[in-house]
Structure formats: structure tokens, C-alpha cells
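S.K.: sequence and computational prediction follow.
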Amino acid sequence: MQKPIILAISGASGSGKSLFTQNLALKLRQHEREVLVLQEDHYYKAQDHVEMEERVSTNYDHPDAFEHDLLNQQLQELNAGNSIEYPRYCYVTHTRLPDFEVISPAPIIILEGIMLLTQIQLFDQFDIKVFVDTPLDVCLMRRMLRDTQERGRSISSVAKQYEATVKPMYHKFIEPSKTFADLIVPHGGENLLAVDVVSSYLLEGKSKIA
């Protein structure tokens, strides 16, 4: 198999990265392209050795919350055509699950996450870097809906975390990282024109945005 094309999709929490990724993968699969989707969240550090009270207070919007060295290693393996032991993470217990998923590479790999463009050591693995740019008030509303409906959080806890870590970490790390993007996508995952542009580029067999 040829070296896969790896796309990094970054942006704020709640910016629409996941929807953009889903729409892009769907578009490519409609043209019979094999796509592998990975999430940076799976590389949150294991905290089995930490009490639950301390896990809850961890700053999950800081680059240090992730094991990017493992992500880098596994991207290198996928680039080499090898399978990986893809970690699994539990948002309820705030730590990794003991088992993993064995994943093989695909011709197109889409990796999405908030801190991807803050990690220069990963850039050698990325062929295309995309930043999904969405106003923070929209991100907050989406995050509240997601965390209360899917992760068992209360509105007050989401709001408190947003003010304490999410917003300041966005301004400190995530927003500046968009300068490294090859393409900045406004309006989140609903920007179907951007989905068409990126998918058409890939369907033409190109692996770099000039």
C-alpha cells in the first residue's frame, strides 16, 4: 500500500471538527475511497493511578493532558503501513480503558482534535492541516449540549470548566495554532463548500495544499 495521506483537523472544542470530519469522510466514501478516522481524545493520558477527585480537576484543555509521543509513534507506524493498538478513553472515569482496538492503515487518514496544530513534532506526519474556525459563543453552546447529553455532565459543571480552562486555553494554545493551518474553515462542519473543496482535492490524488 502507498503511504497514506494524513489530514489533521483542528479547532476549538465544539467548533464542528467532528461534523466536518464526518461529512468529509462520507463524501470520500461515496466515491469509494477508504478512509480511517482517528480522534486525538483517545490519547488523553491514563490516570488509573490518580484519585477520581484529582482526575475531575485535571486541565483537559492543555497539551500536557495528551500523550502526543504515543500519537506520533502510532502515526509513524500507520505511515509505514503497519497496524496500531488504538487506545480507548472513558469520559466518565477520566482515564483510558484497559483494552484497545487494533487498527490498520487506510489510503486516507483523518485525525481530529483540539491540540493537533500546537504539536510541531507531529507536523512531519501531516500532509494537510485544517483549522475549523467557529465563534467561541457557538462552541460553548455546542459543548454544553454535547457534554450534558453524551457525557453525563451538568450545565453548571460545563460552564465552570469553560471559564476556568477551556476559554483561556483556547486563547493561549488553540487560536494561535491556526497560523500553521494550510486551510482555515469558517462555519464549522456545516461548511459543505469546504468539504467539497478538500474532498475534490483528495479525489484528484493530491496530498499537499500548495
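M.R.: Okay, I see it.

S.K.: can you pull the contacts of residue 143?
M.R.: Applying Cβ atoms under 8 Å, 6 or more residues apart in numbering to residue 143 gives the contacts 13, 14, 158, 162, 166. Every residue, glycine included, has its C-beta placed from N, CA and C.

S.K.: and it, backbone torsions?
M.R.: For residue 143, the backbone dihedrals are phi -70, psi -40 (criterion: degrees, to the nearest 10).

S.K.: pLDDT weak spots in the chain?
M.R.: Of all residues in the chain, those with pLDDT under 70 make up the ranges 1, 152, 206-210.

S.K.: what distance do you get for the spatially most central residue of it to residue 44?
M.R.: Taking Cα atoms, centre = their mean, the centroid of the chain lies closest to residue 113, which sits 1.8 Å from it. With distances taken as Cβ to Cβ, to the nearest Å, residue 113 is found 10 Å from residue 44.

S.K.: columns distance to residue 122 on top of the contacts of residue 143, output as TSV?
M.R.: Output for these, formatted as TSV (distance: Cβ to Cβ, whole Å):
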residue	distance to residue 122
13	19
14	22
158	28
162	26
166	22
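
S.K.: quick revisit: return every residue with contacts to both of residue 113 and residue 44.
M.R.: With Cβ under 8 Å, 6+ apart as the test, residue 113 and residue 44 both reach residue 66.
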